[in-house]
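J.: Predicted coordinates and the sequence they were generated for:
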Amino acid sequence: MLGLYNYMKAENKVRTHNLPEEAPLVIGIDLGGTQIRTAVLRGATLLSRVNLLTGENPSPERVIPRMFESVEEALLKANISLSQIAGIGIGAPGPLNGRTGIVYSPPNLPGWTNFPLRNAFAERFQIPIFVENDANAAALGEHMFGAGKGSNEMVYVTVSTGVGGGVISQGQLLQGITGSAAELGHMTIDWHGPRCNCGNYGCLESFSSGTAIARQANELISLGKADDLLSYALAHQPAHASANTPADNSTLAVTTPLHVNARMVAEAALAGIPVAQQIITLAGEALGVGLVNILHIFNPELIILGGGVSQIGAPLLDPARRIMRERAMTVPCQSATIVMAQLGSDVGLVGAGSLVYYHQ
C-alpha cells in the first residue's frame, strides 16, 4: 500500500507541473564555487536571471549577503514581489543534508562547515526554503520538467568538471539517512586508482570528469608521451582555457603553462590525434563501468546523461555503451534506456526551483 501511495504521489507531482503556466512562482538558486545563479521561475520557464560571482574567500559571511542580493535583483528584474513567491529552492555543493538544510563541508566552499543554509534564508525571507545537493536538484529538474518527465525510476548522471548524480526511485528523490545518497561520482572504479578530492581512491570522477581528462593529458605531455597532442595544443591554444567542455560554463584552471583541458583533448580526439582518442576512450570506459554499477544497484528504467563532458558524444559514449553491453546483466541492461539531458545549462536553476514544487 505504501508503494502505491508513493507511486500515486509521484504521478500527481508530474501531472501537476506538466504545464509551467499553471505552476506557482518560485525562486531557484544555483550556488557554485565561482558563481551564484538565481532566477524567478514558473515551472521550467525562467522569468529573470541573475549571475553574481561568489568572490574570493567564499565564506558564508561573504557569500550569503550576495545570495540575498541575487534574490532581490531577480525579483526586481521579473517585476515580482516576494509575496507572490511560493518558496525558494537552493541547489548547493554537497555534502549537505536536505532535510535539515545544513551544509557540511563542501570542498569548493571553504568555511561552510555545518552551516545552516536553510535557516539563514528562512530568517531573511520568511517563506518556505528548501536546500538540496546540486546534483540531486538537477536530477529532480530533469524528472519533473526534462528528459525524465513521467519516469518514476530514473538516474541522472552529470559528467562535467566533476561527476555527480541523483536517483529518483518510486517517484521520490533518494536522499539516504544523512542526505548523502547517490554520490555517484565517488563510486570506486579502480581501488588502485588515483586519489580523489573526496579522499577515496579510484573514484569515477577521477577517471571520467573534465578535470580527470585534462590531468591525464597534461601528465602524458609532461612525460613526453603525447607529442602529437602537444603540437595540436600549441596550434589551437585559446587565450583563456579551463578544464571544461563546450557546454560547461564553470571554470577550473589547469596547472600547466599549456592549459590543455578537456575541451582541447576532445577536439584533438575528433581531429584524429591517437593519444587524445585513447584518453577519451579510457574516460568513456570508466563511465561505462559506473553505468554498469548503476544498472545493477538501482535497476532504473531511464539513465539521463548531462554535463559538459557528455557533449563530447560518440568518442566518449560509444566506449561506455560497449562496456555496458559486455559487463551488465542482461535484464537490467535491456530494461534501461539511456538518454541525454534536456534542460541544458539551466538545469541547476530549474532543479533548484523544482525543490519547491517537490516538497509542497
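T.: Received, thanks. Numbering: from 1, shown residues only.
J.: alpha carbons only for contacts and neighbour counts from here, please
T.: Noted.
J.: And stretch 263-274, what's buried?
T.: 263-269, 273 (16 or more other C-alpha atoms under 10 Å).
J.: pull the CA atoms of that stretch into CSV?
T.: Extracted in CSV, the C-alpha atoms of stretch 263-274 (Å, rounded to 0.1, in the frame of the first residue of the first chain):
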residue,chain,number,x,y,z
ARG,A,263,37.8,20.7,-24.4
MET,A,264,41.1,20.6,-26.1
VAL,A,265,41.5,16.8,-25.7
ALA,A,266,38.1,16.2,-27.1
GLU,A,267,38.8,18.4,-30.1
ALA,A,268,42.1,16.7,-30.6
ALA,A,269,40.4,13.3,-30.5
LEU,A,270,37.9,14.3,-33.1
ALA,A,271,40.9,15.6,-35.2
GLY,A,272,42.3,12.1,-35.1
ILE,A,273,45.1,12.5,-32.6
PRO,A,274,45.6,8.9,-31.3
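J.: name the element residue 30 belongs to?
T.: strand 25-31 (DSSP states H and E).
J.: How about residue 333?
T.: helix 330-335.
J.: Against which helices or strands is that helix packed?
T.: helix 274-298 (3 or more C-alpha pairs under 8 Å, 6 or more residues apart in numbering; DSSP states H and E).
J.: Give me the distance between the helix it packs on and the centre of its chain.
T.: 17 Å (C-alpha atoms, centre = their mean, to the nearest Å).
J.: average pLDDT across that helix?
T.: For helix 274-298, the mean per-residue pLDDT is 97.
J.: contacting residues for residue 90?
T.: Contact analysis of residue 90 by C-alpha atoms under 8 Å, 6 or more residues apart in numbering lists 28-31, 129-132, 134, 352-353, 355.
J.: Report the secondary structure state of it.
T.: strand (DSSP: H, G, I helix; E, B strand; the rest coil).
J.: so it bridges to which residues?
T.: On the basis of DSSP bridges, residue 90 is bridged to residue 29, residue 131.
J.: Can you check the pLDDT for it?
T.: Looking at residue 90, the pLDDT reads 98.
J.: Then residue 242?
T.: At residue 242, pLDDT is 44.
J.: oh, and call the first residue 499 from now on, that's how I've got it
T.: Noted, 499 is the first residue going forward, which turns the last one into residue 740.
J.: Relative to residue 841, how far out is residue 527?
T.: According to C-alpha to C-alpha, to the nearest Å, residue 527 stands 15 Å off from residue 841.
J.: same thing with residue 806?
T.: Relative to residue 841, and taking C-alpha to C-alpha, residue 806 is found at 12 Å.
J.: The two: who's more crowded?
T.: residue 806 (25 against 19; other C-alpha atoms under 10 Å).
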